[in-house]
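Q: dropping the sequence and predicted coords here.
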Amino acid sequence: MALPNQHLTPQEVAFICESELITIVPRQRLGALNLISIDTRPLVPPQRADVPLWLAVFLRRQKRCNVVPPDWLTVENLERLVREESDSAAFSQMPWRWMEVAEILLDTCSEDLVAPSDIALHIRSLRELRQAKIRAGLADQINSSYIKINNLGLLEVCEIRPWVGKVVDGLRKIEGETGSAASRKRREEADEDEDMYDDE
Amino acid sequence: MDIDDILSEFDTQTAPSNSKDYDELLKWWVNERAAPEILQYQDALVERIMTRVRRQVCPPPPSLIGIEHVEDQTGNLDPRANFHLIIIQTELERAKFLMRTYLRTRISKIDKHALHILSTPSLRQSLSPAEQTYLKTHQALLNELYLTSFLKSFPENLRRLDDATGGIKMVEEPDLESAVFLRVVRDVDVGIPWEAGEVMSMRRGDVYVIRYEAVRDAVKSGDVELI
């Protein structure tokens, strides 16, 4: 377990992501389960069912189901997204946990995906394009008031958090100090004025 | 309306209530991790989940408690029941992990800001009874230790641990102005104190980096979630 006063670690982000629902096609029957986080309906092949990602991964590893990849995780869609991403300066819209879901699915059930190696390639180029944009874009945007970072995924946010958080905090402190420095200067000037009067 | 909207609407419609409970706790854990101050203890929520955890463990064959015991049992049971058991066990471990990490995050904050929480009644209210007991006894033990090991050799007027003379406070307080990352759950208007009360309207799904003090109330009401 990570130290509780740290930011979320990638493992914890994956843990959070694993409770998302995903569609599977069961290969064998499984009765209804009353779990803590969810009551699953009975799995009857070949009816599709929505189960949490961790359960899907578990069943898939035992070859008891096939995972239906989410709509956005297809070569065509990713190709379009890569194009969009490189054409426009803004971030294209991705699901909140796109990187985590893609990573887990590629890792555990690449056979259920169409052309997994192409998908992995596109995910990678998307990630690199977006990382470059984050680095270039935040430099202009960063200030101590607020920054809007729409369309970044959870993992991407967690990646930039350590330094963005520090920079924003640092800027705030510098601004606070210059504020107090300005007031100190004013005070010193006032003191000097008084000194002048004393000399007279 | 984008795909996330549709998906989350679909989620809220069909997800059974206990799934909401789990997701809620997940959210409050992440909030707790990100927020600089300690948040309200989610009493009812924790209790509901613990009831479910207990129901999974009970009726208690004591052998259900550790994963190795489950493996012991695998020989005796028919494979199907066995498989159910493994899924239930896996899920139980996940829920236990979440609960532990939630409570530990809170304890680390209690340790860090112990004196500040003790001296602020509103913060003390946000602790659970168990956490309050922990805070008091732990602090009493620490004081005792400090006193016997070095404080007693100090002059009388230097023994206080919450001294504020000399302009520097000894009590560590959470930095409410530190930057937090958040995602907007429901549309909300947020006043920005340092921009002369300028109001910013946050739209659902937006992600921001902002000082905690501006969104403090929105976090408590659940309009935004920290990440």
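A: Received the coordinates, thanks. Numbering: from 1, shown residues only, chains lettered A, B, ... in the order given.

Q: right, and A:Leu113 touches A:Asn66 too?
A: No - the criterion here is Cβ atoms under 8 Å, and A:Leu113 misses it with A:Asn66 at 10.5 Å. All C-beta spots, glycine's among them, are computed from the backbone N, C-alpha and C.

Q: for chain A, which segments count as strands?
A: Ranges of strands in chain A, per DSSP state E, are A:21-26, A:33-34, A:39-40, A:49-52, A:65-67, A:146-148.

Q: er, chain B actually
A: Using DSSP E, strands in chain B cover B:179-184, B:188-192, B:198-202, B:207-211, B:224-226.

Q: any chance of the ones you listed in JSON lines with mean neighbour count and distance to chain A as columns?
A: Conversion of the strands of chain B to JSON lines gives the following (neighbours: other Cβ atoms under 10 Å in any protein chain shown; distance: least, Cβ to the nearest Cβ, whole Å):
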{"stretch": "strand B:179-184", "mean neighbour count": "24", "distance to chain A": "4"}
{"stretch": "strand B:188-192", "mean neighbour count": "16", "distance to chain A": "7"}
{"stretch": "strand B:198-202", "mean neighbour count": "14", "distance to chain A": "7"}
{"stretch": "strand B:207-211", "mean neighbour count": "22", "distance to chain A": "4"}
{"stretch": "strand B:224-226", "mean neighbour count": "21", "distance to chain A": "10"}
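
Q: could you dump the ones you listed to TSV with mean pLDDT?
A: Below are those laid out as TSV (pLDDT from 0 to 100):
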stretch	mean pLDDT
strand B:179-184	90
strand B:188-192	84
strand B:198-202	83
strand B:207-211	88
strand B:224-226	90
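
Q: okay, now the domains of chain A?
A: A:1-68, A:69-200 (automatic domain parsing).

Q: please work out which of these is packed deepest.
A: Ranked by mean neighbour count, the domains of chain A are led by domain A:1-68 with a mean of 17 (mean count of other Cβ atoms under 10 Å in any protein chain shown).

Q: verify the stated contact: B:Lys109 with B:Ala34.
A: No - the pair formed by B:Lys109 and B:Ala34 falls short of the contact definition of Cβ under 8 Å, at 11.6 Å.

Q: counting contacts, what elements does the lengthiest helix in chain B pack onto?
A: What stands out as the longest helix in chain B, according to DSSP state H, is helix B:79-112. Judged by 3 or more Cβ pairs under 8 Å, 6 or more residues apart in numbering or on different chains; DSSP states H and E, helix B:79-112 is in contact with helix A:10-17, strand A:33-34, helix A:53-61, helix B:17-34, helix B:43-57, helix B:67-73, helix B:129-149.

Q: run the angle between it and helix B:43-57 for me.
A: If you take axes from the mean of the first three to the mean of the last three Cα atoms, to 10 degrees, helix B:79-112 sits at 150 degrees to helix B:43-57.

Q: any idea how far helix B:79-112 is from the middle of the chain?
A: Counting by Cα atoms, centre = their mean, to the nearest Å, helix B:79-112 is centred 14 Å from the centre of its parent chain.

Q: any low-confidence regions in chain B?
A: Per-residue confidence for chain B (pLDDT under 70) gives these ranges: B:1-19, B:58-80.

Q: got the domain ranges for it?
A: According to automatic domain parsing, the ranges for chain B are B:17-27+B:36-160, B:175-227.

Q: tell me how far the ends of the last one are from each other?
A: So the one you mean is domain B:175-227. Length of domain B:175-227, first residue to last, Cα to Cα, to the nearest Å: 17 Å.
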